[in-house]
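Colleague: Got a predicted structure here, sequence first:
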Amino acid sequence: MSLPRVVAVAPGSPAQRAGLEPGDEVCTVNGHQPRDVIQWQLLTDDADLDVEVRRGGLDLELSVPKAAGEPLGVEVHSALFDQVRTCDNHCEFCFIYQLPPGLRKSLYVKDDDYRLSFLYGNFTTLTRFTELDLERVVTERLGPLFVSIHATDPEVRTEMLRNRRGATSLRWLGALLDQGVEVHGQIVVCPGVNDGDVLDDTLAGVLDRFPRLATMCVVPLGLSRYSKEGSLRVHTVDEARAVVDTVEEWQGVFLDVLGRRLVFAADEYYLLAGRPFPTADAYEGFPQHENGVGMARTFELELMGEKDTATGVHAGFFSWVDGAPAEGYRAPRLNNGKRGVTRDRTSGPVAVLTGEYGAQILGPLLEQVGRDDVRVLPVRNEFFGGNIGVTGLLVGEDIARVLRDEPEGHRYLLPDVCLSKGAFLDGTTPADLPRPVEVVPTDGVALREALGL
């Protein structure tokens with residue numbers, strides 16, 4: 001197990017006053033060695049800490065006077081100090097198996113760690129969950145958690161996960177819900193595997209066995225050109241419409257029985273089916289926004305000025321855990337920490353770069369804005385291919401291909417969801433693009449501001 005390493009110390013904080021420095025490795029806090037940032041938060045929340053650190057090969061003991069609940073003022077290098085609990089499932093639809101070689105090593109790590117589910121909203125299958133894990137989750141109230149369900153039929157779930165524990169691991173979901181832990185579920189639908197009657201059976205199983213689920217999203221599988229699974233295929237229009245119909249029918253059932261809709265179809269399904277998005281109130285507060293449910297409707301409200309602030313992260317613990325580094329899709333989008341670029345918003349025509357799905361949403365919305373100088377510039381994802389059309393998976397190579405044919409002197413707005421710590425998935429950066437771009441937050445409020453509306 002590695003030691004938490006200090007990467008930043010807040011000026012004027014108890015940590016700075018006590019002499020903690022970036023680069024220090026924290027051996028113990030009040031005699032305990034934390035194994036993750038969750039335990040770190042609980043230990044450093046106490047008053048008057050005794051901290052043992054290792055600095056340049058020397059072991060030091062520091063006394064940190066502070067009030068109970070006062071932030072220590074330290075950011076550490078990782079969310080987990082012991083090993084990430086990796087996933088031992090072999091789901092044919094897993095997108096990590098569909099990545100090309102040569103990307104950042106971290107992208108190929110398959111985690112099935114409930115702690116990362118709690119911290120960052122990652123989905124876990126619970127196939128590696130244990131009694132000790134349950135005890136910790138319940139004792140420390142580690143919620144919400146996010147669970148991949150896919151199917152409630154044991155045989156179907158086992159087949160989808162390619163793991164015999166898939167047949168029994170949902171018992172942990174029942175145990176978590178029985179203990180009052182908030183859990184959100186997910187179903188990735190693979191055509192011919194868990195759609196149709198199986199999807200109906202799964203939703204019936206949720207009502208019967210897991211009615212305490214907070215919400216559940218139904219999303220289509222993403223299929224890249226690197227997939228080696230010959231049986232996988234994308235949805236037909238009729239299949240997408242059938243999924244939407246099934247979800248909406250079950251929303252009515254859940255409303256009648258539980259007083260809430262519980263299950264929601266991803267925006268992508270409505271695009272595939274050619275159906276209008278549900279009204280804003282049908283999303284019941286957009287609890288699955290980060291998973292692609294209700295993003296389009298939220299964006300519309302923000303762009304049209306009907307929603308004053310951008311929809312933030314509804315899930316996870318990161319927003320207030322002291323010291324947790326931002327990771328995954330919550331990582332800083334730009335290395336300098338700035339979320340956008342400020343410039344004269346009246347200079348030149350504007351093109352908004354987006355994925356193919358985003359273009360279907362943005363096009364009609366920008367027509368309503370009534371600005372002849374603003375257009376949508378869709379980018380086809382040739383890097384991943386397949387049915388990958390979401391903006392968050394665009395890479396610099398594809399964006400550069402589109403921009404080379406575009407005129408100079410225009411403003412090109414790039415959603416920050418394409419970036420992680422200032423870089424695209426293929427390792428390139430906005431500085432590598434053939435035209436200057438303005439990186440703006442991926443929400444309607446930011447776009448409205450960038451356009452000067």
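Modeller: All right, it came through fine.
Colleague: which other helices and strands contact the host helix or strand of A359?
Modeller: Taking DSSP states H and E as the criterion, A359 maps to helix 356-369. For helix 356-369, the helices and strands in contact under the criterion 3 or more C-beta pairs under 8 Å, 6 or more residues apart in numbering; DSSP states H and E are helix 267-273, helix 295-303, strand 350-355, strand 374-379. C-betas here are computed from N, CA, C, even on glycine.
Colleague: quick one, what contacts R104?
Modeller: L425, G427 (C-beta atoms under 8 Å, 6 or more residues apart in numbering).
Colleague: one step back: which of the helices and strands packed on helix 356-369 is buried the deepest?
Modeller: For these, the largest average neighbour count (mean count of other C-beta atoms under 10 Å) is found in strand 350-355, namely a mean of 24.
Colleague: List the strands paired with that one, with their directions.
Modeller: strand 374-379 (parallel), strand 411-415 (parallel) (DSSP bridges).
Colleague: Can you tell me which of those is nearest to G363?
Modeller: Among the strands paired with strand 350-355, strand 374-379 comes nearest to G363, with 5.0 Å by C-beta to C-beta.
Colleague: Now do the closest one against helix 356-369: the angle between them, please.
Modeller: Angle of strand 374-379 versus helix 356-369, following axes from the mean of the first three to the mean of the last three C-alpha atoms, to 10 degrees, is 170 degrees.
Colleague: I would like the residues contacting strand 374-379, please.
Modeller: 349-356, 358-359, 362-363, 366, 394, 398-399, 402, 406, 412, 451.
Colleague: Likewise for stretch 159-168?
Modeller: 88-93, 125, 127-128, 150-151, 154-155, 157-158, 190, 193-194.
Colleague: V138 in helix, strand or coil?
Modeller: At V138, secondary structure determined by DSSP: H, G, I helix; E, B strand; the rest coil is helix.
Colleague: My read is that it contacts V181, right?
Modeller: Yes - counting by C-beta atoms under 8 Å, V138 does reach V181; the two are 6.7 Å apart.
Colleague: And the two? Which one has more around it.
Modeller: V181 (20 against 16; other C-beta atoms under 10 Å).
Colleague: Next up, the contacts around the more buried one.
Modeller: V137, V138, R141, L142, G143, P144, L145.
Colleague: What is the nearest of those residues to R5?
Modeller: Using C-beta to C-beta, L142 comes nearest to R5 of the contacts of V181, at 23.5 Å.
Colleague: Around the closest one, count how many other residues there are.
Modeller: The number of residues packed near L142 is 20, by other C-beta under 10 Å.
Colleague: Which residue, other than its chain neighbours, is closest to V74?
Modeller: With C-beta to C-beta, 6 or more residues apart in numbering as the criterion, V74 has its nearest non-adjacent residue at 4.7 Å, and that residue is A15.
Colleague: Next one: that neighbour relative to K66, how far apart?
Modeller: With distances taken as C-beta to C-beta, to the nearest Å, A15 is found 9 Å from K66.
Colleague: between the two, what contacts are shared?
Modeller: Applying C-beta under 8 Å, 6+ apart, one finds that A15 and K66 are jointly contacted by L72.
Colleague: any idea where the strands of this structure begin and end?
Modeller: Per DSSP state E, the chain carries strands over the ranges 6-9, 25-29, 49-55, 58-64, 74-76, 145-148, 183-189, 215-220, 263-265, 350-355, 374-379, 411-415, 438-440.
Colleague: do you know which of those strands lies nearest Y114?
Modeller: Judging these by C-beta to C-beta, what sits closest to Y114 is strand 145-148, at 6.1 Å.
Colleague: And that closest one, what's buried?
Modeller: Residues L145, F146, V147, S148 are the ones in strand 145-148 that count as buried (16 or more other C-beta atoms under 10 Å).
Colleague: Distance of the third one relative to D153?
Modeller: Applying C-beta to C-beta, the value for V147 to D153 is 16 Å.
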